[in-house]
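Trainee: I would like to see how this sequence folds:
(2 chains)
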Amino acid sequence: MMTMIRSKIARLAALASTACLATPALAESGWGQLNMTEGVTAISRRIYGLHMEIFEICVAIAVVVFGVMIWSMVKFRKSKGAVADTTLVHSTRVEVIWTAIPVVILVVMAVPAARTLVAIENTTGTKMSIKITGFQWGWQYEYLDGGVTFISRLDRKSDAARELMSGIDPTTVDHYLLNVDHPLVVPAGVKVRLLITGADVIHSWWMPAFGVKKDAIPGFINEAWFDVDPDKTGIYRGQCAELCGRDHGFMPIVVDVRSKADFDAWLKQEAAEQKQATAPAAAPATASTVTPGTPAAQ
Amino acid sequence: MSETAHAAHTEHDDHDHKPQGWRRWVFATNHKDIGTMYLIFACTMFFIGGAMAMVIRAELFKPGMQLVDPQLFNSMTTMHALIMIFGAVMPGWTGFANWMIPMQVGAPDMALPRLNNFSFWILPFAFTLLIATLFVPGGSPAGGWTMYPPLVLQTGSSFPMLIFAVHMMGASSILGAINVVVTIMNMRAPGMTLLRMPLFTWTWLITAYLLIAVMPVLAGAVTMLLTDHFFGTTFFTAAGGGDPVMFQHIFWFFGHPEVYILILPAFGIVSEIIPTFSRKPLFGYEAMVYATASIAFLSFIVWAHHMFTVGMPLAAQLFFMLSTMLIAVPTGVKVFNWTATMYKGSLTFEPPMLFALAFLFLFSIGGFSGLMLGIVPADYQYQDTYFVVAHFHYVLVPGAIFGMMAGVYYWLPKWVGNMYDMKLAKWHFWLSTIFVNVLFFPQHFLGLAGMPRRIPDYAVQFTDWNMVSSIGGFGFGLSQLLFVYVIVKCVRSGERVTNPRVWEGAHGLEWELPAPAPYHSWTTPPSPAVIARGAQH
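Mentor: Just a heads-up that it's a prediction; the model follows:
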């Protein structure tokens, strides 16, 4: 008896959570893809909270306004004998009220939004910098203090499957269109500064889980940052978010978040490998690394 | 002497002697003939732009590339937008303006009939040029309708064609807008004061000022693109001291008022239809006029909310966020006034009212998502995703397009003197309303879940909602064939309208004219009594 009730409660709870947006269990299946990710940084969670707050306010307003509309449509039907009250054409009091209430609601929305924005714009206290250059069609990542530079493109399997009439079923490809040959590796629990630019046209570097989207504009360097929770190591995926030509849909962004120690080890090893690989031609390579404020090499 | 004058006058009175055959259309100076041409042109473009949308939805039906090359896909999204905005919605509204404004203000015709002819006949050439780009080397423009440099500068042979086509469309719109302003300002019948004008005429007056203010800005922006491409200037190239983001600022200074150009006339039509079928005057007429004017004013100071991710100073982002949120206030006033008009009314639900009501609900949904998009931190996650696509299609399809359909079903009996098939029109309404939601509502989910816009292929977790959306798209597209059938059937063999007022609760000067409306609307100005009867507020 007890177990039956308990299973019933569990089923009800499951049903309720299905009705709510974005349950972790459903997140993998297509039908459950309904809402914004909460992400893995303090900022992304604040953005999510803000998003839900505005959404809920909008739903509440909609319930009231649509409710009055539907009620009027049901109640004042001519077929039900409703007679129009043609004197009801104006009321200053009512009009002042329904101008003032939205203003108050907007202030309620604007204050936390402004606070969050100020927090996002606070780029002080970053511990390391990565320069990101978008190009047609991929990303170049450059660890400004670590001596590591590499290019990150759509992985081979996705690239083969995405050809017109390739005959390859995308569902058989691991993370179709969201996988790269060389992910960006970053440490968790460290405030990382991103310096974002474009090599040819405008791209946009978007990592939903970090709440970061910033345009990569040729000739300009945009600044953004993130600080992943120390316990949220793992792989995170995003895509270019600004139309940048034919293969705009095929330049994903993959970030591999590792613990600080793992990251340091990776960076050291990577730097050593790159130094060795480029040893004979070291001089021109270092010369072209970074000159902030100038357009990236075409 | 007096006899001759009288004879001349009689002849003048009866100048229904329009040119026959092709001359009637090519040399048209009559506001109704030109209005008809505008509407037919808009409808044609709606189907061409719609066919492109079908290509987009077919490719996005499932993951993997099945039908088109990514470059052609990008061309389809670009051309779909240009054709729908500049070819379907804007000429559609000018068609309505041509038909209705002289009738509503008590004038015989538009103030500048030859200019009217010219502004229409630019359009077929502009769009022939634009559509011809599909067949030139390098294909159609594929950099998005927003034409952002440097990407747009990579366009092939079609680049100068695109620029010239945009110039022509802009010229046509400006001429049409000038005609509207001059007509309203100079041709109103004595006694038709500004604050007696019907809301449709009012919203069009404000729209016309917006057009005159911003179309030259667009023309300037695309001209700078042209000189950057061909004459070595570097307005938008950092290497020469220019700035690609400056284009975005200029473009959206045009682009944001532009979205109100597309929607304000719909506000006007809905403001006429809801009172008619509620049998009750519009609630808060003056507030409606001032709200429209406020929206138009605010539309000039919110442009950068289209580009929060370009990296602007904090103060600029805060300013554009707050000014954007302010637009919700006058828009809210309008929605509340429409609702209050229905309150204590006597409602019936003929097709124009059905479309106006769908507009009310679905445009509001687009308004809510617009408010959400105005919140900068949240916009960082929404920007350039399907959430934005869902938002602007909610305000443009069940917004502007439904406004037009409501207008056609409202005034068609007056235009042609025949009533349409109510049953089929209701079918058209229900099919359109259901499919438009199946089409666009899931796109909110796709955007929030992380699907960027303007991509020809997607990760497999987006499959299900894309399929739903595509099914809605095909259904919506097919339903519009019914719209054309209802109109053709009405024109050819609709039942004769006996009452020139057509709708029981209709007020306004257009309903004081016979049905079908005479070739020259008000050859003598309506009397003050007729005007007072029309302006019921």
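Trainee: name the element the closest residue in space to B:Lys32 that isn't next to it in sequence belongs to?
Mentor: Of all residues not flanking B:Lys32 in the chain, B:Trp99 sits nearest, at 6.0 Å (CB to CB, 6 or more residues apart in numbering or on different chains). Any C-beta I mention is one placed from the backbone N, CA and C, and that applies to glycine too. Using DSSP states H and E, B:Trp99 sits in helix B:90-105.
Trainee: near chain A at all, the helix or strand hosting B:Pro265?
Mentor: Using DSSP H and E, the element containing B:Pro265 is helix B:244-278. Yes. Helix B:244-278 lies within reach of chain A by CB under 8 Å from any CB of the partner chain, at B:Pro244, B:Val245, B:Ser278.
Trainee: who wins on neighbours among the residues you listed?
Mentor: B:Ser278 (29 neighbours; other CB atoms under 10 Å in any protein chain shown).
Trainee: helices of the stretch 1-150 of chain B, start to end?
Mentor: According to DSSP state H, counting those that start in this stretch, the stretch 1-150 of chain B carries its helices in the segments B:2-13, B:22-26, B:31-59, B:70-82, B:90-105, B:113-132.
Trainee: does A:Ser204 belong to a helix, a strand or coil?
Mentor: Following DSSP: H, G, I helix; E, B strand; the rest coil, we place A:Ser204 in the strand state.
Trainee: A:Gly167 too?
Mentor: When classified by three-state DSSP, A:Gly167 comes out as coil.
Trainee: can you count the residues close to it?
Mentor: 8.
Trainee: the one 4 residues further on now?
Mentor: Counted with other CB under 10 Å, the neighbours of A:Thr171 add up to 12.
Trainee: which residue packs closest to it, ignoring adjacent ones?
Mentor: Leaving aside its chain neighbours, A:Thr171 sits nearest to B:Val460 (5.2 Å; criterion: CB to CB, 6+ apart).
Trainee: now do the contacts for the one you found.
Mentor: Applying CB atoms under 8 Å, 6 or more residues apart in numbering or on different chains, we find B:Val460 in contact with A:Gly30, A:Pro170, A:Thr171, A:Tyr176, B:Pro63.
Trainee: how near is the closest residue in space to the last one that isn't next to it in sequence to B:Ser469?
Mentor: By that I understand B:Pro63. Spatial nearest neighbour of B:Pro63, excluding adjacent residues (CB to CB, 6+ apart): A:Pro170 at 4.2 Å. For A:Pro170, the distance to B:Ser469 equals 18 Å [CB to CB, to the nearest Å].
Trainee: for these two, work out which one has more neighbours and name it.
Mentor: Neighbour count, other CB under 10 Å: between A:Pro170 and B:Ser469, B:Ser469 has more, with 24 against 21.
Trainee: dihedrals phi and psi, B:Ala107?
Mentor: Taking degrees, to the nearest 10, you get phi -110, psi 160 for the backbone angles of B:Ala107.
Trainee: now do A:Leu154
Mentor: Dihedral angles for A:Leu154 - degrees, to the nearest 10 - are phi -50, psi 140.
Trainee: got any ranges where the chain has weak pLDDT?
Mentor: As the question left the chain open, I've gone with chain A. Within chain A, the stretches with pLDDT under 70 are A:1-29, A:280-298.
Trainee: you looked at the wrong chain, it should be chain B
Mentor: Scanning chain B for pLDDT under 70 picks out B:1-17, B:536-537.
Trainee: again, only using 90
Mentor: B:1-21, B:515, B:529-530, B:532-537 (pLDDT under 90).
Trainee: in it, which residue sits nearest chain A?
Mentor: Going by CB to the nearest CB, chain A is nearest to B:Ala238 of chain B, at 2.1 Å.
Trainee: how much space separates that residue from B:Gly232?
Mentor: 15 Å.
Trainee: likewise for B:Asn74?
Mentor: Distance, B:Asn74 to B:Gly232, using CB to CB: 27 Å.
Trainee: same drill for the two, tell me which one is more crowded.
Mentor: Counted by other CB under 10 Å, B:Asn74 and B:Gly232 do not tie: B:Asn74 has more neighbours, with 28 against 9.
Trainee: helices along the stretch 101-250 of chain A, start to end?
Mentor: Secondary structure of the stretch 101-250 of chain A (DSSP H, counting those that start in this stretch): helices at A:156-161.
Trainee: and stretch B:183-195, end to end?
Mentor: 16 Å (CA to CA, to the nearest Å).
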